[in-house]
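Asks: Just the structure for this:
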Amino acid sequence: MEMVPAKTTIREVARAAGVGIGTISRVLNSSSQVSRKTRAHVLDAIRRLGFRPNAQARRILKRRSEMVCFLLSNRDFLHPFHARILQGVESHASGLKQHVLFAALHYSPRTPPHKIDLPPVLQEHGLIDGVILAGTVYPNLLQRIESMQMPSVAFSNNVVGMDDGQQFDQVGFDDFKGMLHATRHLIGKGHRQIVFAGDISYPWLHRRFEGYRQGMRENKLKPVLIKGRSHLSFGDFGQGSVGRILSRRPRPTAVVAGNDEIAYGLWRSLCRQGVKVPDEISLVGFDDREEAVLMDPPLSTVRVHKEEIGETCMKMLLERLHHPQMAFSQRVLPTEFLIRGTVRQLD
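Replies: So this is what the prediction gives:
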């Protein structure tokens, strides 16, 4: 029976080169702390012995697993918005030969931090290097992750109930300015009777309402909030809001929806009642979900660059891993207003 030759170990390379294992590690990781002469000597020993470090050995040498966790909290598997963020994380990670593990978590904001039942991938020490927090994130989860000394980056738009004293790395987008630009666009098209439809108990919808309100007030127009019933899906919220919108006097000429799901619900209900968009009422949304271009006409909306959010989260997490002592960072990415077919120019 043919014998399989034993693989050369890092210790054998170190003996052949007359250096320590740490020096071999630094050469393999292209560290600047090794002299040119020593580096050449080590590389010669590696070539002579045919040493090929496997992936696990490289991870041990680097003291990192080269794996991160994308943790989706309090959301369905897999929410379309957060799926695009995950896509951005994975895209950037794969180019750097990092691996991304997905995990889901449902917990209450009232659960004590130490009692949050984290997925096993986070409880196993050394299995992952850090975590990206998406979905709805409450302070108790951030406290739990911090107590584990686990490097983390949070998608900040959906962090709820945070006080100013809790510091953490975060990436988000500008809800306020995005909706401000959308409102200004409607006003620029001659609209004056503009209402906002959304449940502002959600912090991200509240920020969008504030952007709408700023746009109205700077033009000396009265902001109007259509609240609807809470605890509905966003699509149902939109459909249930149409009656209150159409019954207002004077009748609104435009509706700013808190997100595209609400806009879609509004559009469906308006169509059923024979109210034409945009001939009789204009409509804008927020997020630029896939459904926006499937509407007839396609929805004018605020685009959130979701993949870029994911890429930036991954970049920030790697920065934290390389520089553990750096100050906490907050990055706010811009949005983009897309003009499609649901807004008309008033005479």
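Asks: How is this protein divided into domains?
Replies: 10-62, 67-168, 175-304 (automatic domain parsing).
Asks: Of these, which stretch is the most buried?
Replies: Mean neighbour count (mean count of other CB atoms under 10 Å) peaks for domain 175-304 among these, with a mean of 20. For every residue, glycine as well, the C-beta is placed using N, CA and C.
Asks: wait, doesn't residue 303 sit right on residue 340?
Replies: No - with contact defined as CB atoms under 8 Å, residue 303 does not reach residue 340; the gap is 10.7 Å.
Asks: who are the neighbours in contact with residue 224?
Replies: With contact set as CB atoms under 8 Å, 6 or more residues apart in numbering, residue 224 has these partners: 194-196, 248, 252.
Asks: Show me which of those residues is closest to residue 80.
Replies: The closest of the contacts of residue 224 to residue 80 turns out to be residue 196 (CB to CB; 23.0 Å).
Asks: and of the contacts of residue 224, the nearest to residue 309?
Replies: Using CB to CB, residue 196 comes nearest to residue 309 of the contacts of residue 224, at 24.1 Å.
Asks: Need the phi and psi values for that closest one.
Replies: phi -110, psi 130 (degrees, to the nearest 10).
Asks: residues in contact with it?
Replies: The contact partners of residue 196, taken as CB under 8 Å, 6+ apart, are 208-209, 212-213, 223-226, 255-256, 258.
Asks: Over to the nearest residue to residue 262 once chain neighbours are set aside. Which of the three states is it?
Replies: Excluding its sequence neighbours, the residue lying closest to residue 262 (CB to CB, 6 or more residues apart in numbering) is residue 238, at 4.0 Å. The three-state label given to residue 238 by DSSP: H, G, I helix; E, B strand; the rest coil is helix.
Asks: circling back: determine which of the domains of the chain approaches residue 330 most closely.
Replies: Residue 330 lies closest, by CB to CB, to one member of the domains of the chain: domain 67-168, at 6.9 Å.
Asks: Over to the closest one now: how far is its first residue from its last?
Replies: One end of domain 67-168 sits 20 Å from the other (CA to CA, to the nearest Å).
Asks: just stretch 250-262 next, same as before
Replies: Stretch 250-262: ends 22 Å apart by CA to CA.
Asks: ok, now stretch 291-308?
Replies: End-to-end for stretch 291-308, by CA to CA: 20 Å.
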